[in-house]
Each structure stands twice: as structure tokens, then as C-alpha cells.
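**Q** next input, structure requested:
(one chain, ligands or ions: 1)
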Amino acid sequence: MDSILVTGNGPLNGQIPIAGAKNACLTLMPATLLSEEPLTLTNAPRLSDIKTMTALLQSLGAEVSSLQDGQVQAMSSHDLTSQTADYEIVRKMRASNLVLGPLLARFGHAVVSLPGGCAIGARPMDLHVEGLEALGAEIELKDGYLYAKAAGGLKGAVHEMRFASVGATENIVMAATLAKGTTVLKNAAREPEIVDLVECLRKMGAQIAGEGTSTIEIQGVDRLHGATHQVVTDRIELGTYMLAPAICGGEVELLGGRMRLVESFAAKLDAAGVSVEETDKGLKVTRKNGRVAAVDVVTEPFPGFPTDLQAQMMALMCTAEGASVLEERIFENRFMHAPELVRMGADIEVHGGTATVKGVERLKGAPVMATDLRASVSLILAGLAAEGETTVSRVYHLDRGYEHVVRKLEGVGAKIERIKG
Ligand code: EPZ
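**A** Numbers count the residues shown, from 1 in each chain. So this is what the prediction gives:
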């Protein structure tokens, strides 16, 4: 298994290009199942999760091809040969469950393995099931698989979700596009990836309003046609790299970044003493000398502070002046980066869903282990600012969500290399 060697090397300066959003792409790709005609995505990120989703769609009989060095995914599900998403693929990536709504809507039946738990939590699918049953689906759990059917097709309904789940919102909205009648989804998630999905579905002929708010209304149509859609910028990659100059000092421009994607996160950086300015090419992040100030963080559904940036923010708070309290309200087990940061000299106490971080002058490089996607990059950020060398092992976690990390950080002056293992 490869590892990444990082050496603290002072302030960072330059530009980092931000890729298309993994979490948008993972819901846009299953949307191809809703239509017989081809769907083409541009600005698609080249990540292992995208390869996993490609393999899943191909296992259903869809044609998926990457053109122009992988940045374009052309997909056609004209002749699907299966409506079963197998455990072997689904267990590797929870987002595989996003084929459930489209398969049910187009074919009236689907068999999708439950994803099983993952490092950060149990990650059940009850909110997905409740929403699809509200549209008339009959769903039964047997041998770890969800058997879903809607013999006479789905019917529009008014449904309020108990929690603003991102994935459940995406499954329900995709299913409702082909349901008979009107669906009103209340307490819907408001993430930019959902706005991006709706914009793509609208290009395919769907009739949807309210995306980005808590109430989304969908008028079912008989069929959807093909489209070409550009994947929105990845706000989590953006926020991650905004933290590089924040933790090391210096000035870095994140190309493609827009303030509207990271408003609550940027406000926290501002409160910590890091300036974020929107330019015509992206977001410019500057931190002068001296330590950042400690700030408290509570993770919430969008537009609140993103849970996917909590681990990275904790790395910054480890070197802040003062104590900060980070409350993780979305997942039940998302502090696995804390013990690894403690190995680097951080002062962190975790009690249930709350971590208290007392900032130290400087972290010390050490061998550490990545435990999940966002934890892995949090350790790299810590290593950029630490004294000496940090080796982050199990970087296959990193490859799921970050393309060319070494090249992007080297490009702004970081001392970092990938060690083949
Ligand atoms: C999406 O996961 C993202 N993944 C996650 O990003 C992100 O952390 C999460 O949204 C929250 O923003 C993709 O978009 C592919 P949820 P999702 O349904 O849809 C509970 C990353 O690092 N829940 O909003 O699975 C669930 O257990 C990944 O890129 C139920 O209880 O998130 C969790 O505690 C990690 N029942 C909370 O809701 C359900 O039926 C949020 O889950 C569904 C979810």
C-alpha cells in the first residue's frame, strides 16, 4: 500500500485547480439510468469512486466510457441487462445505493444491496425506503438486499423526510421525475450537489422546482431524454485546499472556487484570522504570520458547516491560539483522525460527538495512518505544518476523493511525495 511523505516546509504560494465534485458525479452518473438516451458529463473528476460507479453501471448493462483523459463520462443505458446492484460493489461505496431510485422509476423493480456500515457510521437507508414507499414502491429487506418494486409505476406524493438526508433526497427526486403526478419533498437536503443534479435532470426534460431549498416539487413526465452537463466544482476539495495556506501561512488561489459553495466554512476561516477573497478565477486565501485563532465548529446539513470538512478543520485548530470545540452532528463516528493527530503532538479530547482541541505552537511529524477519506487529507494538512517528516499510510482512502494531491500541493511549494508501497 502506498504512503505519502510530507515535510513541514513553510508558507505556500501559488494556484491550485479544483476538480469537479465527486459527490455530484456520484449522483449524476446513476441519472443516466432514467433515460434510454445518452448522458454526457464534462468536468468529471478522475477518482477511484468514479471508477467504482462506472463498474456498477456497467454491471447493470449500461455503456460508460471515459473520453478525453477521463474528464468526460459518456453513458447510455439503452439496453440494461440487470437491475441488481451487487453487494461486492455496493460494500465498497455507499453511493452505489443511488441506482435504487432511477432503476425503480424506469423499470419498476430493483434489487440493491444494503451498503453495510463504514468507518464513519452505520449509514442505514431507512430515509430512502420511506421516501420511495411514499411514491408507492413496495420494498422488502431480504438477505441484506432491498427488493423494490412498483408494478404499476410510481405515483407522486407529498412526503416529509425525518432528516435532510443527501442521498435519500437524490434517490427520491430521481424516482419522482418519472412518477405519475406531482411529488412535493419536504425537509429536502439543500447541498449544491443536489442543485447540480436537478439542473442536469431539467436538461433531460424533468420538471422540478425548489432545488437548494427545503421543499422540492417534481411534476412526473413520461420519459427523459439525453443531455450534456458540466459537473459542479467540488466544494469539499475546495475547502480542503483552502486550509493549506491557512495552516502553513502564505497565499494560495483556488481556481474554480466560488464563495457560494463554502460560505459557512469561509466564515469560520475568517473568524480564525484567515482572509478569503473571491477573484474572477476563484478564491484567494491568505494567512499572514502568527497563529490562527481557535473557533468552535458544529457540523450541520448545508448551508451549515460541512461534516466533510470537519477533520480538515480539526487539523487547523490543532495549531490555533486557544481551545476550540468541534461538534460532529451528522455521523456517529467521525473523529478517527483525532488519535492520529495526537500522535503528532496535538492536544485533543474526544467525548462522544464532541472534540475539544487545545492549540499547540507546532505539531511534530510522525508516522500516522489514514482511516477514511477525509481523515487522510486532514493528516496531510497537519504534516504540511508540522516540524519534520510525517508519513501517512493507507492512502488508498485518499484516492477515493482527491486527484493529484501531491502534484497540486507541490505546485504551491509543499514538500510532499508519494512512496510506492
Ligand atoms: C453524502 O452521504 C455524502 N456522500 C457524504 O460524503 C456526506 O458526508 C453526507 O452526504 C453528508 O453531507 C455522497 O454524496 C456520495 P446522508 P449520504 O444521507 O447521502 C443518516 C464524503 O466524504 N441517514 O445525508 O450517505 C446517516 O447515517 C462522504 O465524500 C439515516 O439515518 O449522507 C448519517 O448519519 C462521506 N438514514 C446522516 O443521516 C438514511 O436513510 C447523513 O447521511 C440515510 C442517512
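**Q** apart from its chain neighbours, what residue comes closest to the residue of the stretch 201-350 of the chain found nearest the ligand?
**A** In the stretch 201-350 of the chain, the residue that lies nearest the ligand is Asp308 (4.5 Å; CB to the nearest ligand atom). Every residue, glycine included, has its C-beta placed from N, CA and C. Leaving aside its sequence neighbours, Asp308 sits nearest to Ile236 (CB to CB, 6 or more residues apart in numbering; 4.5 Å).
**Q** residues contacting whatever residue of the stretch 101-250 of the chain ends up closest to the ligand?
**A** Closest to the ligand within the stretch 101-250 of the chain is Gly167: 2.8 Å, counting by CB to the nearest ligand atom. Applying CB atoms under 8 Å, 6 or more residues apart in numbering, we find Gly167 in contact with 27, 94-95, 97-98, 128.
**Q** again with Gly10
**A** By CB under 8 Å, 6+ apart, the residues touching Gly10 are 248-250, 413.
**Q** check which element follows the helix-or-strand element of the chain with minimal mean pLDDT along the chain.
**A** Least confident helix or strand of the chain, by mean pLDDT, DSSP states H and E, is strand 72-76 with a mean of 85. Downstream of strand 72-76, the next assigned helix or strand under DSSP states H and E is strand 84-85.
**Q** sheet partners, orientation included, of that next one?
**A** Applying DSSP bridges to the sheet, strand 84-85 is found paired with strand 109-113 (parallel).
**Q** just the buried residues of the helix or strand following the strand it pairs with, please?
**A** Moving toward the C-terminus from strand 109-113, the next helix or strand (DSSP H and E) is helix 126-134. Across helix 126-134, burial judged by 16 or more other CB atoms under 10 Å covers 127-132, 134.
**Q** buried residues, the helix or strand just after helix 126-134. List them.
**A** Sequence order places strand 138-142 as the next helix or strand after helix 126-134, per DSSP H and E. Within strand 138-142, the residues scored as buried using 16+ other CB under 10 Å are Ile139.
**Q** from the contact counts, what lies against strand 138-142?
**A** Using 3 or more CB pairs under 8 Å, 6 or more residues apart in numbering; DSSP states H and E, the elements in contact with strand 138-142 are helix 126-134, strand 145-149.
**Q** can you tell me the element the residue of the chain most remote from its centre falls in?
**A** The centre of the chain is farthest from one residue, Gly152, which by CA atoms, centre = their mean lies 34.4 Å away. Under DSSP H and E, no helix or strand contains Gly152.
**Q** show me the contacts for it.
**A** So Gly152 contacts 108, 136 (CB under 8 Å, 6+ apart).
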